[in-house]
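Below are the sequence and a predicted model; questions follow.
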Amino acid sequence: MAKTNKALLDEAVGVYLSSLKYLNEFISEPTTKYGLSFEQYLILHSISDRKDISLMDIAKERNVTRSAISRQIKVLLQHDYIYQRPSQSDRRRLFLHLTPDGQKVEKRVYSAITKRFDHWINTFGEDKVRETIELIKKFHNREMHEENN
């Protein structure tokens, strides 16, 4: 490895150790006081955005297995943030809905997340935030493309 690449790698590892590995905790912090992970909140948010959404709809949208979403839904049901109601046209299909507590939690967490994101934009500027998002997208797309080949 060239000397400049080693120095850059060392710097990247330093950034990871001091910042990146804590990013998930920082982003999900507003959800923890409600007993939720960030992924569970995102499901709650999806349910709040759509009138008739099923577990399978969420799994397809997130490109994950039914069982992965089912585990997340179980937590939301245990907290009484959501309930399931059968479709009138197909009683086997269950639609997910927010309970009154689920509505309150979704609004509170959304507000907290929005405030954090607005702070990032005010601190770094919209252009830098967009550049960062684009870089992460490119990194993901390139790695996913290489992984699938």
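Noted; the coordinates are in hand. Numbers count the residues shown, from 1 in each chain.

quick one: secondary structure of the spatially most central residue of the chain?
Nearest residue to the geometric centre of the chain (C-alpha atoms, centre = their mean): Glu39, 4.5 Å. Under the three-state scheme (DSSP: H, G, I helix; E, B strand; the rest coil), Glu39 adopts helix.

Surely it and Arg71 touch.
No: the criterion here is C-beta atoms under 8 Å, and Glu39 misses it with Arg71 at 9.9 Å. C-beta coordinates here come from the backbone N, C-alpha and C atoms, glycine included.

And Leu94, its phi and psi?
Dihedral angles of Leu94 (phi, psi; degrees, to the nearest 10) stand at phi -100, psi 130.

What lies in contact with stretch 26-44?
Residues outside stretch 26-44 that contact it (C-beta atoms under 8 Å, 6 or more residues apart in numbering): 24, 58, 69, 72-73, 75-76, 79, 81-82, 98, 102, 105-106, 108-109, 112-113, 116.

For PyMOL, what selects the buried ones among these?
Burial among the contacts of stretch 26-44 is assessed by 16 or more other C-beta atoms under 10 Å; the matching PyMOL selection reads:
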select buried, resi 58+69+72+73+75+76+79+81+82+98+102+105+106+109+113
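
Narrow the contacts of stretch 26-44 to those in helices?
Mapping the contacts of stretch 26-44 onto helices (DSSP state H) picks out 24, 58, 69, 72-73, 75-76, 102, 105-106, 108-109, 112-113, 116.

Next up, the contacts around Met56.
Listed by C-beta under 8 Å, 6+ apart, the contact partners of Met56 are Arg66.

Please tell me how far it sits from Phe124.
38 Å (C-beta to C-beta, to the nearest Å).

Ok, Glu61 next?
To Phe124, Glu61 is 29 Å away according to C-beta to C-beta.

cool, and Leu20?
16 Å.

cool, and Pro30?
Noted for Pro30: a distance of 20 Å to Phe124, by C-beta to C-beta.
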